[in-house]
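Asks: coords below, sequence missing:
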Ligand SMILES: Cc1cc2nc3c(=O)[nH]c(=O)nc-3n(C[C@H](O)[C@H](O)[C@H](O)COP(=O)(O)OP(=O)(O)OC[C@H]3O[C@@H](n4cnc5c(N)ncnc54)[C@H](O)[C@@H]3O)c2cc1C
Ligand code: FES
């Protein structure tokens, strides 16, 4: 077969999920001619099955750099949402009224209080406001709280958005700004030299001085071809969705949120089952049970949909960002909170990639941290 | 707009929006709504809707049946004395 003609760009992004789309649009915004290559419907795609929280309060225990990055992203989110609304007329449904994590027993409440205190200590000089709220006061904040709820943690930084609209708006903003999106384009081969990359996908050949690997779980296989490492594994989460109801929940809760349209989303399990997208009744039952203990009235609502999706998880649960030492110009981006971090990816990370240098604040996120030789 | 076929006698009496109506044995609550010419309004925009697929897929037939909101009327067989109301807007959720 003849080698296809080379299509040249200033940046290639592999993976059109939330992470890749946010970065690709961010690069376009920086004025770079960018192509976004995306596998088809058979790929594992967390961006189409997630819970939609823009969540801060539990991120980065023992890893304050992750707390800072998450806070920075939540801070960029209003700008992201406004920019997307202006360019695409899409309301991504951002609301950041603060959020709560419910505790259903005294030990849960104590463990949570300890965790929040540690988060505040680790925040150092950055203010980290939170409150541990006891049930009587919580009852005034949240309607129809169950008798089993003993209290909750609250931070003002949390929120939620519509993750499908976000994905759609990022894609739309990207293509309207001149970005080239190529679907059904699984990258399996590439050639790498410093600031000089070529990949084959969908029978076409693309070349650019910058390459961003944002293929979610696909990164594990791709990264070594470009002098990088992305040891990510799938972690399953199951989600239940109820019929629509009039607005009742004023703020999102770690595992329960009411969408803009009125549905209640109830989530989400944490299961180490490999590449297995099945749903399992016992897990669904446990999810529903906790929701009904939290808010007994949820039991009156019908479940109209349920699904499972695979999180993109690094060994320590933190994101991975790297620029290849061997092939400068090649980057990885992986995380299990692609909604929350969309603000940072589009508005902070993409400019760094355009400049060619990752800010030192991202140094702790290198995959080198998993290398025993590097650690010793 | 809709009429019953003559060979299916209407033997089951239900109440659609409080008005008595007879439907044939085996008909669904959605058939009663269609016969009565009653539509609903959607939860978000308030747009008018009526039963559509009649096979449990589209959710256009939502109705309050015997006091339970948001039921897919096409999936519920009519029973004598059943109270059927079109779902207007979003249902209420929350403590009683
Ligand atoms: C149940 C569940 C709940 C979640 N809840 C939240 C939440 O509340 N808040 C939050 O912030 N995050 C949440 N997440 C995480 C969030 O969904 C992910 O962090 C995010 O979707 C990851 O995006 P991604 O683009 O890296 O990966 P993906 O969405 O998996 O996208 C990867 C893309 O790469 C493409 N691809 C793969 N291999 C190749 C290849 N070789 N060539 C070309 N393209 C390729 C695929 O087609 C796919 O489109 C949740 C995840 C799950 C599973
Ligand atoms: S008419 Fe379509 S679900 Fe009932």
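Replies: Yes, it's here. Please read all numbers here as calculations on a predicted model, not as lab measurements. Numbers count the residues shown, from 1 in each chain, chains lettered A, B, ... in the order given. Ligands and ions are numbered 1, 2, ... in the order given.
Asks: which residue does chain B have closest to ligand 1?
Replies: residue B:93 (21.3 Å; CB to the nearest ligand atom). Every C-beta, even on glycine, is put in place using the N, C-alpha and C of the backbone.
Asks: wasn't that residue part of a helix?
Replies: No: membership of residue B:93 in a helix is not supported by DSSP: H, G, I helix; E, B strand; the rest coil, which gives coil.
Asks: for it, what are its contacts?
Replies: Taking CB atoms under 8 Å, 6 or more residues apart in numbering or on different chains as the contact definition, residue B:93 lies against A:245-246, A:248, A:264, A:297-298, A:300-301.
Asks: per-residue confidence at it?
Replies: Turning to residue B:93, the model gives it a pLDDT of 93.
Asks: next, the residue nearest to residue B:42 when sequence neighbours are not counted: phi, psi?
Replies: Leaving aside its chain neighbours, residue B:42 sits nearest to residue B:49 (5.8 Å; criterion: CB to CB, 6 or more residues apart in numbering or on different chains). Residue B:49 has phi and psi values of phi -150, psi 160 when expressed as degrees, to the nearest 10.
Asks: from the contacts of residue B:93, list just the buried residues.
Replies: Buried by 16 or more other CB atoms under 10 Å in any protein chain shown: A:245, A:248, A:264, A:297-298, A:300-301, out of the contacts of residue B:93.
Asks: ok so, going back, can you count the residues close to the residue nearest to residue B:42?
Replies: 16 (other CB atoms under 10 Å in any protein chain shown).
Asks: that one contacts residue B:60, correct?
Replies: Yes: between residue B:49 and residue B:60 there is a contact at 4.9 Å, judged by CB atoms under 8 Å.
Asks: which helix runs longest in chain A?
Replies: For chain A, the longest helix by residue count, based on DSSP state H, is helix A:64-88.
Asks: which other helices and strands contact the helix or strand following that helix?
Replies: Remark: after helix A:64-88, the chain's next helix or strand is strand A:99-103, criterion DSSP states H and E. Counting contacts by 3 or more CB pairs under 8 Å, 6 or more residues apart in numbering or on different chains; DSSP states H and E, strand A:99-103 packs against helix A:106-122, strand A:151-155.
Asks: among those, which is the most enclosed?
Replies: strand A:151-155 (a mean of 23; mean count of other CB atoms under 10 Å in any protein chain shown).
Asks: re earlier: which one of the contacts of residue B:93 is nearest to residue A:369?
Replies: residue A:264 (37.8 Å; CB to CB).
Asks: enumerate every residue touching the closest one.
Replies: Residue A:264 sits in contact with A:241-242, A:245, A:249, A:256-258, A:291, A:298, A:301, B:93, where contact means CB under 8 Å, 6+ apart.
Asks: tell me which element it falls in.
Replies: Here residue A:264 is assigned to strand A:263-266, by DSSP H and E.
Asks: want to throw the helices and strands packed on strand A:99-103 into a markdown table with distance to residue A:328 and mean pLDDT?
Replies: A markdown table is the format used below for these (distance: least, CB to CB, whole Å; pLDDT from 0 to 100):
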| stretch | distance to residue A:328 | mean pLDDT |
| --- | --- | --- |
| helix A:106-122 | 32 | 97 |
| strand A:151-155 | 38 | 98 |
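Asks: got a markdown table for these, with distance to residue A:215 too?
Replies: Shown next, in a markdown table, are those (distance: least, CB to CB, whole Å):
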| stretch | distance to residue A:215 |
| --- | --- |
| helix A:106-122 | 31 |
| strand A:151-155 | 32 |
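Asks: rewinding a little: pull the most distant pair out of the contacts of residue B:93.
Replies: A:246 and A:298 (14.1 Å).
Asks: flag every residue of chain B that's near ligand 1.
Replies: Residues of chain B lying near ligand 1 by CB under 6 Å from any ligand atom: none.
Asks: for chain B, just list every one of the strands.
Replies: Taking DSSP state E as the criterion, chain B carries its strands at B:10-16, B:19-24, B:40-41, B:48-49, B:62-65, B:68-72, B:83-86.
Asks: pLDDT score for residue A:373?
Replies: Listed pLDDT for residue A:373 reads 57.
Asks: remind me which helix or strand the closest residue to ligand 2 within chain A belongs to.
Replies: Closest contact between chain A and ligand 2, by CB to the nearest ligand atom, is at residue A:304 (10.9 Å). Counting by DSSP H and E, the element that carries residue A:304 is strand A:303-313.
Asks: which strands and helices sit next to that strand?
Replies: Partner elements for strand A:303-313 (3+ CB pairs under 8 Å, 6+ apart): strand A:233-244.
Asks: for the residue most central in space within chain A, what are its contacts?
Replies: Nearest residue to the geometric centre of chain A (CA atoms, centre = their mean): residue A:338, 1.4 Å. Residues near residue A:338 by CB under 8 Å, 6+ apart: A:17-19, A:22, A:46-47, A:50, A:312, A:345.
Asks: closest one to ligand 1 out of these, please.
Replies: Among those, residue A:17 lies closest to ligand 1 (CB to the nearest ligand atom), at 2.3 Å.
Asks: give the contact list for the closest residue to that closest one other than its chain neighbours.
Replies: Counting by CB to CB, 6+ apart, residue A:17 lies nearest to residue A:47, which is 3.7 Å off, once chain neighbours are set aside. By CB under 8 Å, 6+ apart, residue A:47 lies in contact with A:17-19, A:21, A:163, A:167, A:216, A:338.
Asks: follow-up on the earlier one: show me the contacts of residue B:93 that map onto strands.
Replies: Taking DSSP E as the definition of strands, the contacts of residue B:93 contribute residue A:264.
Asks: out of the contacts of residue B:93, which touch ligand 2?
Replies: Counting by CB under 6 Å from any ligand atom, no member of the contacts of residue B:93 reaches ligand 2.
Asks: quick check: phi and psi at residue A:176.
Replies: phi -70, psi -30.
Asks: neighbours around it, how many?
Replies: Residue A:176, neighbours per other CB under 10 Å, totals 12.
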